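# pasting the sequence and the predicted coordinates here, then a few questions.
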Amino acid sequence: YMGLDEPTIMGLFRNEATRDPKSVPFYYGCAYLWYQMGFDSITEMRVLSIIGGMVVVTGVYFFARRFFGHVGGIAASLCVSCAKLRVYESQEIRNYTFTLSIALLAMFTFYQAGVANKSRWWPINVAVNVLLVYTHLLSALLLFAQGVYLLLTRPKQLKGIAAWAFAHAPFLAIIPFWQA
């Protein structure tokens, strides 16, 4: 990656925003910190994605276990760990394993708040959703899907749904400034 040897993280962000305007900062910030901790070879940089891949396998296990029991969780995590695309992305110095890990966490928090009706999870869901969009722009589609689910399952709670949507707004509104 270009810019990981910048003296400050803001220098990296300026470099990245100029070189690749569609990128968003979370993964690159983590990669910068990883690099600055001394993990500067290609192999050591790949470890960051490997860790993300292991988090995905673990997250899939726990999420699937909730719906299908222990055996279902093991089967799902085995499928993810053997999928060629997941293996490839876990070895690449890119944001994909981070994006999937955070997407799993976003759906877990959404499940806790929206399906299990544990209201204390709503702020955590908003925070994780924002982090997700700051990892990959197209992950905003997951927020859209969550919103559609809320509209379909809670049509009489429009004020609450609007509050959830507007809670994301200030954080998502600054993304165009990052890309400018």
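Looks like it arrived, so ask away.

# so how far is Ile74 from the residue nearest the centre of the chain?
Per C-alpha atoms, centre = their mean, the C-alpha nearest to the average position across the chain is that of Ile102, at 2.9 Å. The spacing between Ile102 and Ile74, counted by C-beta to C-beta, to the nearest Å, is 23 Å. In short, each C-beta sits where N, CA and C put it, glycine included.

# quick one: low-confidence ranges for this protein?
The chain contains residues with pLDDT under 70 at 1, 179-180.

# helices and strands around the longest helix seen in it, which ones?
Counting residues, the longest helix found in the chain (DSSP state H) is helix 42-82. The elements that helix 42-82 packs onto, with contact taken as 3 or more C-beta pairs under 8 Å, 6 or more residues apart in numbering; DSSP states H and E, are helix 25-36, helix 84-91, helix 96-110.

# buried deepest among those helices, which one?
helix 96-110 (a mean of 22; mean count of other C-beta atoms under 10 Å).

# mind saving the C-alpha coords of the next helix or strand after that one as PDB?
Using DSSP states H and E, the helix or strand that follows helix 96-110 towards the C-terminus is helix 122-133. What follows is helix 122-133 as a C-alpha-only set of coordinates in PDB (Å, rounded to 0.1, in the frame of the first residue of the first chain):
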ATOM      1  CA  TRP A 122     -30.000   0.300  19.000                       C
ATOM      2  CA  PRO A 123     -27.200   2.800  19.700                       C
ATOM      3  CA  ILE A 124     -24.700  -0.100  19.300                       C
ATOM      4  CA  ASN A 125     -26.300  -1.000  16.000                       C
ATOM      5  CA  VAL A 126     -26.000   2.600  14.700                       C
ATOM      6  CA  ALA A 127     -22.400   2.800  15.700                       C
ATOM      7  CA  VAL A 128     -21.500  -0.500  14.100                       C
ATOM      8  CA  ASN A 129     -23.500   0.500  10.900                       C
ATOM      9  CA  VAL A 130     -21.500   3.700  10.700                       C
ATOM     10  CA  LEU A 131     -18.200   1.800  11.200                       C
ATOM     11  CA  LEU A 132     -19.300  -0.600   8.400                       C
ATOM     12  CA  VAL A 133     -20.000   2.200   5.900                       C
END
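
# perfect, I'm done here.
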